[in-house]
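> got a predicted structure plus its sequence, pasted below:
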Amino acid sequence: MRTLAGLIGLICLFTVLSIAGCVTSHGIGDAAKDSISCTQMAADGFRPIASDRTERFLGKVQEATAECRGGEHALIFRKTPYTDWSNYWATGDGSTLSPGTTAVGPHLSRNGRGIDGALLDLEYQRMELVKLNLFDNSGTFADYVRGLDGVDGQAIKRWPAMRLPPGHPYYAQAGGAGEQICNGEQIRFRNLDGSCNDLFNPVMGSTGQPFARNVQFDATFPDLGKNDTARNRHNDRLTLMTPDPQLISRKLLTREQSDPAKCNEGFGLPGYSAEANCDYKKAPFFNVLAAYWIQFMTHDWFSHLEEGHNDAAMIPVGCSTKRVTDRNGVTDVPLTPDEIAKLGCRPDDRIDKGYIAQDSDPATFQAGGKEYLSRAYKTTSNKVTAWWDASQLYGYDAVSRQRVKRDPADRARFLLRPVGSRAGDGEKLGYLPVFQPGDPINPQWSGQEAAAFPDNWSIGISFYHNLFTREHNAFVDGFRRQAANTPDADSGLRSPAQPDRIIRYRDVTADELFEIGRLVVSAEIAKIHTTEWTPQLLYDEPLYLAMNSNWHGLLQGHDIVAAALEKIVVNNFGKSTEAKKATQWYSAFASGPGIFGLGSIVYSDDAVFALYDPAKTDIWDLKNPQHVNGGVNHFGSPFNFPEEFVSVYRLHALVPDLIEYREWDKDPNVIRNKIPVIETFRGKATAAMDERGLANWALSMGRQRLGLLTLQNTPQFMQNITLPRLQTATQKIDIAALDILRDRERGVPRFNEFRRQYGLKQLTSYEDFVDQRLPANSPERKEQERLVGLLREVYGQHRCDAAKIITTSQLDDDKAPINDCLGNRNGSMVDNIEDVDTIVGWLSEFTRPQGFAISETQFQVFILNASRRLFSDRFFTSSFRPEFYSKFGVSWVNQNGPDGKVMERRPSNGHVVEMSPLKRILLRTTPELATELDDVVNVFDPWARDRGSYYSLQWKPQADAVTDEAFK
């Protein structure tokens with residue numbers, strides 16, 4: 001009943017009922033002090049959603065609210081820059097539960113208030129992000145600000161800029177020069193280039209569209225100094241190459257080694273000896289499968305590359321200057337040869353320049369007495385589709401589709417080849433074929449498995465490509481069995497070109513089944529990421545509930561109320577021309593039924609509170625574009641990923657230098673080899689997969705902890721990668737330095753302004769990075785203080801000028817404009833916190849919510865974009881129906897396979913849980929792992945770790961893993 005009452009709380013909010021009334025009817029209890037603070041919180045009521053950027057929530061609640069939700073612990077840390085909710089009751093491990101309790105308990109208990117308060121804070125943040133952080137680069141922004149034809153900008157549903165251009169193969173059928181609405185076969189499946197996902201905005205999300213932004217356009221490209229606030233904020237201290245990217249990499253990001261010879265710069269020891277060792281800071285609750293999962297995802301979502309390369313022009317990557325601070329500020333001076341040798345950087349490294357789509361001065365427009373930029377100062381293009389459509393497997397344009405190998409004996413299936421004669425039933429399913437002469441590939445891809453997106457190939461990417469091509473084939477085989485058993489039964493599929501014709505199972509062609517398989521596998525991947533990967537990345541109760549509500553809804557198990565809320569969301573808020581209803585209210589109420597499948601049922605009764613009634617007839621009609629498209633919401637801004645989203649997915653510290661190789665059919669507790677990740681790149685990944693097999697790599701990466709996202713934890717091999725295609729003096733590149741350079745090329749604001757833009761409280765000095773929850777003399781705090789000293793050395797200080805206003809996106813604690821002194825006395829020396837690169841900043845955020853593998857700043861970007869990519873995709877909302885997926889496919893997605901829902905044998909963190917989709921896929925495609933997976937609840941948690949009773953982060957072995965040397 002927790003979820004039902006939680007949503008009732010939201011209804012109290014949005015129907016303007018008194019919070020006090022809701023509380024009084026249930027009683028508060030616990031203690032007199034709780035009663036006082038909670039009564040005060042109720043009397044204060046809910047804060048309004050910000051109408052201006054300077055009025056944002058910032059994740060900071062009033063004192064009484066913090067005390068009601070988290071007691072004294074929540075009060076102590078309110079003055080830090082970080083959000084309050086992570087200090088509430090029950091938002092961490094068992095130590096955060098109210099004394100004397102072992103479970104969350106009822107809503108108005110301490111633990112219940114903590115969890116519900118955290119969820120409400122997160123929803124506030126999402127609503128403000130939806131309202132204030134959408135900036136489209138494709139020509140629609142003026143309408144977003146001013147509105148169009150009597151419709152508020154944030155409620156606009158169609159944009160002329162999203163029309164198919166002349167020459168597009170779908171142009172004429174969609175309407176040509178007239179009104180464009182996709183129809184017929186254009187809307188049946190996921191199109192190769194991503195077009196016609198939205199029937200009324202055909203080009204949205206398709207290959208080649210410009211990346212969006214989540215920050216104000218005038219905050220982009222701060223090194224250009226295009227406006228007063230940027231000039232005041234950085235005072236000519238920034239260029240593309242300053243502070244020096246390679247110096248930052250070597251001083252702040254390099255993994256220090258206790259025995260450098262055993263690491264050998266990430267190349268390990270001869271013969272892949274298990275005696276090799278590369279030290280790294282490990283996350284106890286996340287495994288290497290999780291690290292490669294996110295690379296597998298980003299290959300689907302975005303790419304700036306033009307078939308594996310950037311612009312032909314070459315630019316340096318640093319190793320040339322250092323920053324020196326004197327009484328007047330900083331100066332960038334050349335590095336000496338001795339300093340270069342000590343750092344281990346390379347002045348002769350060069351990299352191809354990033355592609356820029358537009359770099360002319362953007363047009364401006366007027367609205368409400370203000371002048372706005374129509375786009376960012378420069379733009380870039382997404383070279384793949386922006387949809388969650390498994391384009392890395394199935395293709396995103398005609399060339400990439402040529403790399404996809406289908407089985408000539410059954411073109412519904414991927415072609416998989418037998419490899420060797422290893423034991424295990426999964427081996428019979430085969431492996432991807434290797435690229436052949438004549439395939440459209442770059443030379444560096446030769447020898448790799450054939451894939452639509454073959455760039456940056458590694459053993460982890462090989463693993464997931466083989467896994468999901470096996471899963472695709474498993475679905476096809478299951479569909480074929482269904483067709484054999486019931487050949488004349490209605491499959492549920494319909495062709496939009498002949499919508500009234502029943503398609504029997506026997507009628508489905510191989511090409512149709514291949515595309516249905518794509519729909520199913522794409523949905524499975526999205527479900528895994530939403531309900532499995534992200535809750536382990538953000539390992540606490542609020543995020544478990546929040547991410548599951550994105551997919552299943554907070555009202556999972558309460559079908560009648562969920563259906564009623566869905567009608568409110570789709571029929572009222574979704575069709576509204578008012579910004580508040582179309583954005584804020586839509587976002588909040590969608591948490592009830594969940595985003596997935598939103599709008600996929602339509603009743604003739606279109607009343608606002610149309611209650612669920614099984615006797616009613618679903619009139620959803622394939623011939624009605626409003627039904628097909630009716631569940632999507634872009635919140636007034638066309639969907640694409642923003643550059644800032646790309647930036648916060650720079651997660652290279654997750655990857656270890658060496659993979660601890662194990663074998664499933666021997667003792668899995670024994671590490672048999674330490675295999676350098678660098679030896680599993682490109683064609684070597686294919687050889688490694690062929691030699692050792694999918695199940696062994698799954699076991700190895702499933703058991704091993706990945707790296708913490710923190711300073712001085714970048715893999716050493718990544719700083720010394722050889723790229724022969726560059727044809728430079730070194731033929732090497734430092735990936736950590738390149739990450740910094742690419743963010744600067746693409747105009748990502750530096751860290752502090754980045755936080756302000758996303759509605760987070762600013763930092764005022766490097767010391768703000770230190771986790772104030774740590775004891776003063778603890779080793780952890782001493783280490784953080786050491787790293788803060790390095791930040792000051794690398795980025796420096798300057799003498800501040802209080803007359804310089806440095807931002808328009810936030811006010812200080814006194815509601816005054818923020819100036820260059822950040823609260824310090826005018827003319828004093830202050831930290832150059834404004835110059836810190838965004839990636840360095842979030843790696844420096846030692847203060848994080850319990851169980852967060854990422855920083856608070858990264859998470860803020862996810863709150864907005866993780867929801868939008870579901871809200872905007874009709875195949876995850878109103879087109880999640882048998883007409884597209886088939887009855888068999890809908891059931892497969894909903895029940896994680898063909899044989900019904902399966903529950904785990906024991907609870908996890910207080911929840912009775914369904915067996916996860918990725919675990920079910922592994923059991924289908926690598927059945928030899930069944931014993932190893934028996935006690936695994938979340939595949940991304942190290943497989944042999946004891947999860948404990950409530951979100952434990954202890955590195956403790958399960959009973960059958962006590963001999964595993966990883967736990968020593």
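Nice, thanks for sending it over.

> so which elements touch whichever helix or strand Ser700 is part of?
Element membership for Ser700 (DSSP states H and E) is helix 694-703. Contacts defined by 3 or more CB pairs under 8 Å, 6 or more residues apart in numbering; DSSP states H and E place helix 694-703 against strand 282-287, helix 288-301, helix 459-485, strand 658-661. Every residue, glycine included, has its C-beta placed from N, CA and C.

> next one: Lys623 from Pro849, what distance?
48 Å (CB to CB, to the nearest Å).

> and the two? Which one has more around it.
Per other CB atoms under 10 Å, whichever of Lys623 and Pro849 has more neighbours is Pro849, with 22 against 11.

> list the contacts of the more buried one.
Applying CB atoms under 8 Å, 6 or more residues apart in numbering to Pro849 gives the contacts Thr83, Trp85, Ser86, Thr91, Gly92, Leu538, Asp540, Glu856, Phe859.

> which residues touch the fifth one?
So that's Gly92. Ser86, Asp540, Pro849, Gln850, Gly851, Tyr951.

> wait, Glu643 touches Thr380, no?
Yes. Contact criterion CB atoms under 8 Å: Glu643 and Thr380 qualify, at 7.0 Å.

> tell me, what's touching these two both at once?
Phe211, Arg746.

> neighbour count winner among those two?
Glu643 (26 against 21).

> for the contacts of Gly92, which PyMOL command selects only the ones that are buried?
Command for PyMOL, covering only those of these found buried under the criterion 16 or more other CB atoms under 10 Å:
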select buried, resi 86+540+849+850+851+951
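
> narrow the contacts of Gly92 to those in helices?
Within these, no residue falls in helices by DSSP state H.

> the stretch 201-350 of the chain: strands as residue ranges?
282-287, 314-316, 321-326, 329-334, 350-352 (DSSP state E, counting those that start in this stretch).

> need those in a markdown table with mean pLDDT, distance to Ser647 and mean neighbour count, can you?
What follows is the strands of the stretch 201-350 of the chain, written out as a markdown table (pLDDT from 0 to 100; distance: least, CB to CB, whole Å; neighbours: other CB atoms under 10 Å):
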| stretch | mean pLDDT | distance to Ser647 | mean neighbour count |
| --- | --- | --- | --- |
| strand 282-287 | 97 | 21 | 22 |
| strand 314-316 | 96 | 19 | 16 |
| strand 321-326 | 96 | 22 | 17 |
| strand 329-334 | 96 | 23 | 15 |
| strand 350-352 | 95 | 17 | 19 |
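
> averaged pLDDT, whatever helix or strand comes next after the helix holding Ser700. What do you get?
Downstream of helix 694-703, the first helix or strand assigned by DSSP H and E is strand 705-707. What strand 705-707 shows for mean pLDDT is 98.

> all helices of the stretch 401-550 of the chain, in order?
459-485, 510-528, 534-537, 541-551 (DSSP state H, counting those that start in this stretch).

> can you put the strands of the stretch 201-350 of the chain in a markdown table and add distance to Gln958?
Below are the strands of the stretch 201-350 of the chain laid out as a markdown table (distance: least, CB to CB, whole Å):
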| stretch | distance to Gln958 |
| --- | --- |
| strand 282-287 | 14 |
| strand 314-316 | 50 |
| strand 321-326 | 49 |
| strand 329-334 | 52 |
| strand 350-352 | 45 |
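
> so which of these gets nearest Arg231?
strand 329-334 (14.9 Å; CB to CB).

> and that closest one, what does it pack against?
strand 321-326, strand 797-799.

> using CSV, lay out those together with distance to Leu493.
As requested, the helices and strands packed on strand 329-334 are exported to CSV (distance: least, CB to CB, whole Å):
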stretch, distance to Leu493
strand 321-326, 62
strand 797-799, 65
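
> among the ones you listed, which is nearest Leu97?
strand 797-799 (42.8 Å).
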